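Novice: A structural model of the following input is requested.
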Amino acid sequence: MRNICVFGSSSEKIDRRYLDSAESLGGAIARRGMGVVFGGGKYGVMGAVARGAASERGALIGVSPSFFIELDVLVDKAEIENYEEIFTETMRERKGVMEDRADAFVICAGGIGTFEEFFEVLTLKQLGQHNKPIIIYNVAGYYDPMIDLMNSGISERFLSDDVHMLYTVAETEEEVFDQLENYTPYQYNKYD
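Specialist: Numbering: from 1, shown residues only. Next up, the predicted model:
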């Protein structure tokens with residue numbers, strides 16, 4: 001795998017453990033010779049993963065809608081040795097570029113935007129539009145309620161039993177890389 005897309009929060013108000021785990025993850029991705037695709041932001045999990053990758057001289061691909069320039073929320077590309085900056089017109093287009101440039105997705109702690117990014121790549125995989133790994137990095141059990149929601153959807157028959165085969169859950173950074181290295185694509189047909 002060449003590029004790992006990391007989705008995560010843009011908030012600086014979150015617990016430090018989420019930022020520290022993201023920064024460590026970014027560094028670990030770079031040390032393994034892979035690039036990081038991310039939302040281009042300098043704050044929160046996004047900024048932390050970028051700092052981690054940059055500290056190891058890793059390649060970064062930052063994808064942002066052009067209106068982020070005015071908001072002054074983007075990383076300082078002058079501080080990053082190996083940085084490709086891509087601007088899009090819309091958030092929707094941004095996700096498409098991130099999805100296309102990634103070979104796998106790691107979902108770090110985040111809010112509405114991160115939830116939406118996870119469910120989009122999950123939906124696309126369910127519909128056969130990609131077969132890339134999707135890993136929920138469940139630091140401190142942050143995603144336990146979302147996983148419970150998915151289980152509720154299964155018990156109420158809104159989701160099939162094998163929807164869990166479309167993603168994995170990692171509690172540690174080591175598990176993230178173990179799941180990436182041992183990924184086996186799963187053929188899923190929503191309508192079977």
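Novice: doesn't residue 136 belong to a strand?
Specialist: Yes. Secondary structure of residue 136 (DSSP: H, G, I helix; E, B strand; the rest coil): part of a strand.
Novice: quick one, what contacts it?
Specialist: By C-beta atoms under 8 Å, 6 or more residues apart in numbering, the contact list for residue 136 reads 107, 118, 143, 146, 147, 167, 168, 169, 170. C-betas here are computed from N, CA, C, even on glycine.
Novice: the fourth one: how many residues sit nearby?
Specialist: Put plainly, it is residue 146. 15 (other C-beta atoms under 10 Å).
Novice: over to the third one?
Specialist: Other residues within reach of residue 143 by the criterion other C-beta under 10 Å amount to 22.
Novice: how far away is it from residue 171?
Specialist: 10 Å (C-beta to C-beta, to the nearest Å).
Novice: next one: stretch 89-108 to chain centre, how far?
Specialist: How far stretch 89-108 lies from its chain's middle: 8 Å, per C-alpha atoms, centre = their mean, to the nearest Å.
Novice: just the CA coordinates for stretch 183-191, please, in PDB.
Specialist: Output of stretch 183-191 as PDB, limited to C-alpha atoms (Å, rounded to 0.1, in the frame of the first residue of the first chain):
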ATOM      1  CA  TYR A 183      -5.900  -7.400   4.700                       C
ATOM      2  CA  THR A 184      -8.000  -9.900   2.700                       C
ATOM      3  CA  PRO A 185     -10.600  -8.300   0.400                       C
ATOM      4  CA  TYR A 186     -14.100  -9.400   1.100                       C
ATOM      5  CA  GLN A 187     -16.600  -9.800  -1.700                       C
ATOM      6  CA  TYR A 188     -19.900  -8.400  -0.500                       C
ATOM      7  CA  ASN A 189     -23.200  -8.200  -2.200                       C
ATOM      8  CA  LYS A 190     -25.700  -6.000  -0.500                       C
ATOM      9  CA  TYR A 191     -28.600  -7.500  -2.400                       C
END
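Novice: what comes up buried for that stretch?
Specialist: Neighbour-count burial for stretch 183-191, counted by 16 or more other C-beta atoms under 10 Å, picks out 183, 188.
Novice: in this structure residue 23 contacts residue 56, no?
Specialist: No. The pair residue 23 / residue 56 is not scored as a contact, 10.6 Å apart, by C-beta atoms under 8 Å.
Novice: more neighbours, those two?
Specialist: When residue 23 and residue 56 are compared for neighbours, residue 23 comes out ahead with 20 against 14, by other C-beta under 10 Å.
Novice: that one should be in a strand, yeah?
Specialist: No. Checked against three-state DSSP, residue 23 lies outside a strand; its state is helix.
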